[in-house]
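**Student:** quick check, what structure comes out for this input:
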Amino acid sequence: MQQTTRVSSRRVLSSVATLLGNALCHCNVPRQSFTTYSLQELQKSRKHSVPGDLVTWGSLGFCRTSRFAAGFTPLQHKPLNSIIDLERTKDRPVEDLIAIWDDYHLGRGHIGTSMKAKLYHLLEQRAANCRYFVIPLWRGSGYTTMFAQVQMPHILFTGLEDYKARGTQAAPYFTVSYYTEFAEKDLVLIRGDVVFTSKISDSEAKWLLETMQSFYLNDNRYKLVERFNRETRDFEFKDVLKALDMPIL
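**Tutor:** Residues are numbered from 1 along each chain as shown. Model prediction:
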């Protein structure tokens with residue numbers, strides 16, 4: 001299990017040698033920040049380790065497993081018509097579709113939720129320009145830093161330390177797919193799969209999804225996403241903690 005760490009004001013992503021820097025290090029520094037050089041190196045490493053089509057990391061439709069495997073082999077994206085009968089549901093009201101979707105995923109070890117199509121389009125628009133972010137996942141007396149990669153209609157989450165250490169071999173802990181087949185009804189269905197149950201629980205995964213979406217859909221929070229992707233020198237991880245009302249220990 002990735003180490004959960006107590007932190008005070010420190011640098012989350014700090015050097016080229018560690019790709020994203022050491023978010024969980026024990027050295028105290030007065031300001032949590034990136035450098036332009038480290039971001040350039042990170043972008044270079046992303047180019048080689050995370051192809052644009054996410055084939056290396058895979059997409060939705062993984063088998064649940066508690067064993068971390070080096071050299072993760074992705075499965076194909078699970079089409080919506082293999083989950084629900086589109087022909088029988090296409091004329092159903094939105095409320096019924098949401099209920100059907102929620103009921104299908106209840107107790108199946110997956111996360112099923114939905115959002116307004118107009119919000120999805122905003123998320124898609126903003127993610128096209130800002131594909132990466134970091135989310136602290138609170139555990140007990142500290143937090144584990146999760147690295148999120150967005151390429152709609154997918155979001156992938158993995159531990160920052162695993163991504164830093166394994167690069168192209170780092171498998172996602174949790175994957176999300178968005179289905180737009182009912183967008184004309186102002187409805188987008190969302191499905192999440194926890195890939196490694198030893199790394200993240202279903203409740204943590206649901207919180208990550210909701211929190212990640214809030215950073216892209218809330219105007220004030222999105223400024224932090226923009227800063228992370230575009231204005232590296234000004235990004236401070238403690239601002240993310242403050243936005244989530246998490247203590248800076």
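
**Student:** so what's the residue count around the spatially closest residue to residue 131 that is not a sequence neighbour?
**Tutor:** Nearest residue to residue 131, sequence neighbours excluded (C-beta to C-beta, 6 or more residues apart in numbering): residue 150, at 5.1 Å. Heads up, the C-betas are built off the backbone N, CA and C, glycines and all. Applying other C-beta atoms under 10 Å, we find 22 residues neighbouring residue 150.

**Student:** beta partners for residue 150?
**Tutor:** Beta bridges link residue 150 to residue 155, judged by DSSP bridges.

**Student:** tell me who's in contact with it.
**Tutor:** By C-beta atoms under 8 Å, 6 or more residues apart in numbering, the residues touching residue 150 are 127, 130-133, 156, 212, 216.

**Student:** go again with 10 Å.
**Tutor:** By C-beta atoms under 10 Å, 6 or more residues apart in numbering, the contact list for residue 150 reads 123-124, 126-128, 130-133, 156, 176, 212-213, 216, 225.

**Student:** then residue 137?
**Tutor:** By C-beta under 10 Å, 6+ apart, the contact list for residue 137 reads 2, 4, 143-146, 157, 159, 173, 200, 204-205, 207-208, 211, 246.

**Student:** assumed it was part of a helix.
**Tutor:** No - assessed by DSSP: H, G, I helix; E, B strand; the rest coil, residue 137 does not belong to a helix; its assignment is strand.

**Student:** and the gap between it and residue 218?
**Tutor:** To residue 218, residue 137 is 19 Å away according to C-beta to C-beta, to the nearest Å.

**Student:** how about residue 112?
**Tutor:** 23 Å.

**Student:** how about the helices in this protein?
**Tutor:** 36-49, 86-89, 94-105, 117-129, 160-166, 202-217, 219-230, 237-243 (DSSP state H).

**Student:** quick one: closest of these to residue 190.
**Tutor:** helix 202-217 (7.4 Å; C-beta to C-beta).

**Student:** residues of that closest one that come out buried?
**Tutor:** Buried residues in helix 202-217, defined by neighbour count with 16 or more other C-beta atoms under 10 Å: 202, 204-206, 208-209, 211-213, 215-216.

**Student:** same check, this time on stretch 86-101
**Tutor:** Counting neighbours by 16+ other C-beta under 10 Å, the buried set in stretch 86-101 is 89, 97-98, 100-101.

**Student:** closest to residue 107 out of the residues you listed?
**Tutor:** residue 101 (13.8 Å).

**Student:** quick check: that closest one vs residue 214, distance?
**Tutor:** Counting by C-beta to C-beta, the gap from residue 101 to residue 214 is 21 Å.

**Student:** one step back: how much space separates the residue nearest to residue 131 from residue 103?
**Tutor:** Per C-beta to C-beta, residue 150 is found 28 Å from residue 103.

**Student:** for residue 123, see how far away residue 231 is.
**Tutor:** Here the criterion is C-beta to C-beta. By it, residue 231 lies 21 Å from residue 123.
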